[in-house]
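J.: Sequence and predicted structure, then a few things I'm wondering about:
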Amino acid sequence: MIDFSQFDSLISMTMYFNNEDTCKQAIIETRWGIGEAQDVVCPYCGEHHCVTRKDGRFRCNHCKRNFSCKVGTIFEDSNLSLVKWFIAMYLISSHKKGISSCQLARDIKVTQTTAWHMLHKVRALLAQDDAEGFSGEVECDEVYIGGREKWKHQSMRTPNTQGRSTKTKTPVFGMMERSEIENEDGEFEFMSYVRAMVVENTNRDTILPIISQFVEEGSTVFTDELNSYNRLADMGYNHKICNHGQLQYVVDGETYTNNIEGFWSHFRRMIVGCYHDVSDEHLQSYIDEAVYRWNTRKASQSERFEDMFNKSIGLIVTWNELRLCEVA
């Protein structure tokens, strides 16, 4: 099996995956292990009765269908070289603030449209798992994306868009669990995990069901003074409030929402500094990307690439599922 820990830089990765056969062999070994063609599982019928064809593809003796190692992966309907795909995944996984479709197109010599589709295919791998929940100490906060009226001419501005108005902005709700992980020295250090999603609004009827779904009852929930959080104590949570309107940012040394606000700051810099603008239609996929980067920030580049590689061979995303809108 491939030792992904050796890919600690783009140079080491490209030196190894320098041809199509090596890339295909990596997919085969990761999906089915090192063995005979009989160990290959048919992606159509699930049987093991497969033989290797002269052209390198496989044939299932049960359903009589031919297939390659790319069937059942995000590479399935792409004619693009696997070498370029692997380089793209490494770049996406290693850049702290992401990589734009224009930059990716220049790096791997494809069109900007192709790079855009590649990026969205990879983002589909990073979707958040609804089965994962939080407990212990959890910070909750909301942010509003878009609607920068100050860059518009006075006559073009939308009135009354300040604060939490959603006339020109999209609300996003987030939760962050305070936790600890053990480092290489055997010591425990602070770590936080975040979950975020686009919401219709930040009203009580929208926010509280989300908290109830993802935060274990009895947990301590830290929020600001937004009225939507007022019933958390009645729901069985230990609710602690930091009133930002009264210039409170830390109360009793532990009541604050600074960690999740740090994530919002990182997310805004990713959007403004790298993508510049994001459509509402694809905003959730960019949030998923930011959440993945945050939750794996302690991982090495090789570990991130291995994780993304494993995800890539387990999810099919077709070109038709990615409807091209305004380029972000």
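T.: It's in. Only a predicted model underlies this, so the values are computations on that prediction, with no experimental measurement involved.
J.: So for the strand or helix carrying Ala124, what gets flagged as buried?
T.: Assessed by DSSP states H and E, Ala124 sits inside helix 112-125. Neighbour-count burial for helix 112-125, counted by 16 or more other Cβ atoms under 10 Å, picks out Thr114, Ala115, Trp116, His117, Met118, Leu119, His120, Lys121, Val122, Arg123, Ala124, Leu125. Every C-beta, even on glycine, is put in place using the N, C-alpha and C of the backbone.
J.: helices and strands around that helix, which ones?
T.: Contact here means 3 or more Cβ pairs under 8 Å, 6 or more residues apart in numbering; DSSP states H and E; on that basis helix 112-125 packs against helix 82-94, helix 101-108, helix 283-295, helix 301-312.
J.: could you give the angle of the first one to helix 112-125?
T.: Read it as helix 82-94. On the basis of axes from the mean of the first three to the mean of the last three Cα atoms, to 10 degrees, helix 82-94 is oriented at 60 degrees to helix 112-125.
J.: now the angle between helix 101-108 and helix 82-94, please.
T.: Going by the same axes, to 10 degrees, helix 82-94 makes 130 degrees with helix 101-108.
J.: Check the last one too.
T.: On the basis of the same axes, to 10 degrees, helix 301-312 is oriented at 100 degrees to helix 101-108.
J.: which of the residues in helix 301-312 are buried?
T.: So, applying 16+ other Cβ under 10 Å, buried residues of helix 301-312: Gln301, Ser302, Glu303, Arg304, Phe305, Glu306, Asp307, Met308, Phe309, Lys311, Ser312.
J.: Hey, what's the angle from the lengthiest strand in the chain to helix 283-295? Just curious.
T.: When the chain is parsed with DSSP state E, its longest strand is strand 170-182. Interaxial angle of strand 170-182 relative to helix 283-295 (the same axes, to 10 degrees): 20 degrees.
J.: now the helices for the stretch 151-300 of the chain?
T.: Counting by DSSP state H, counting those that start in this stretch, the stretch 151-300 of the chain has these helices, from start to end: 204-214, 258-270, 283-295.
J.: which of these is buried the deepest?
T.: Comparing those by mean neighbour count (mean count of other Cβ atoms under 10 Å), helix 283-295 comes out on top with a mean of 21.
J.: need the helices and strands packed on helix 112-125 in JSON lines with distance to Gly72 and mean pLDDT, can you?
T.: As requested, the helices and strands packed on helix 112-125 are arranged in JSON lines below (distance: least, Cβ to Cβ, whole Å; pLDDT from 0 to 100):
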{"stretch": "helix 82-94", "distance to Gly72": "15", "mean pLDDT": "94"}
{"stretch": "helix 101-108", "distance to Gly72": "23", "mean pLDDT": "96"}
{"stretch": "helix 283-295", "distance to Gly72": "21", "mean pLDDT": "94"}
{"stretch": "helix 301-312", "distance to Gly72": "11", "mean pLDDT": "91"}
